[in-house]
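**Student:** here's my sequence, what's the structure:
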Amino acid sequence: MGFLKRTNKKFDYQPRYYKGEGSPYKIKHKFDEFRVTAGENKGLKGKFNDAFDELKNSGRGVNKTILYIIFLLVLIFLYIIDFDLSIFYK
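**Tutor:** Residues are numbered from 1 along each chain as shown. Below you'll find the model as predicted:
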């Protein structure tokens, strides 16, 4: 009655020329160990807080060119939607 006792077969395949620790098939990004933002899934607020903390601690700061481009795009968007800037003046 061997057909009633079924066990799952386990395959412990190891590549022939692999000499290292752990599984060679585990996919891991090479910069994950240096980043705080990579890892567990958090809420939107947690992701933004981690990103800002990483930006503060990186020591490089924000590229000014990116800030200029963002500012220009916001102005173009405001022009397209006909936003009236006169509300900021007396």
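**Student:** C-alpha only now, for contacts and for neighbours.
**Tutor:** Noted.
**Student:** what ranges do the helices span in the protein?
**Tutor:** 44-58, 64-80 (DSSP state H).
**Student:** out of these, nearest to Ile87?
**Tutor:** Of all the helices of the chain, helix 64-80 sits nearest to Ile87, with 13.3 Å by Cα to Cα.
**Student:** report the distance from the closest one to the chain centre.
**Tutor:** 24 Å (Cα atoms, centre = their mean, to the nearest Å).
**Student:** export that helix to CSV, keeping only CA atoms.
**Tutor:** What follows is helix 64-80, C-alpha atoms only, in CSV (Å, rounded to 0.1, in the frame of the first residue of the first chain):
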residue,chain,number,x,y,z
LYS,A,64,20.0,72.4,-7.3
THR,A,65,19.4,71.7,-10.9
ILE,A,66,16.6,69.3,-10.0
LEU,A,67,15.0,71.9,-7.7
TYR,A,68,15.1,74.5,-10.6
ILE,A,69,13.5,72.0,-13.0
ILE,A,70,10.7,71.2,-10.4
PHE,A,71,10.1,74.9,-9.8
LEU,A,72,9.9,75.5,-13.6
LEU,A,73,7.5,72.6,-14.1
VAL,A,74,5.2,73.9,-11.3
LEU,A,75,5.1,77.3,-12.9
ILE,A,76,4.3,75.8,-16.3
PHE,A,77,1.5,73.8,-14.7
LEU,A,78,0.1,76.8,-13.0
TYR,A,79,0.1,78.7,-16.3
ILE,A,80,-1.7,75.9,-18.1
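**Student:** tell me how many other residues crowd Leu78.
**Tutor:** Each residue near Leu78 was counted by other Cα atoms under 10 Å, and the total is 13.
**Student:** likewise Leu44?
**Tutor:** Leu44 has 8 neighbouring residues, counting by other Cα under 10 Å.
**Student:** one more: Asp53?
**Tutor:** Asp53 has 13 nearby residues by other Cα under 10 Å.
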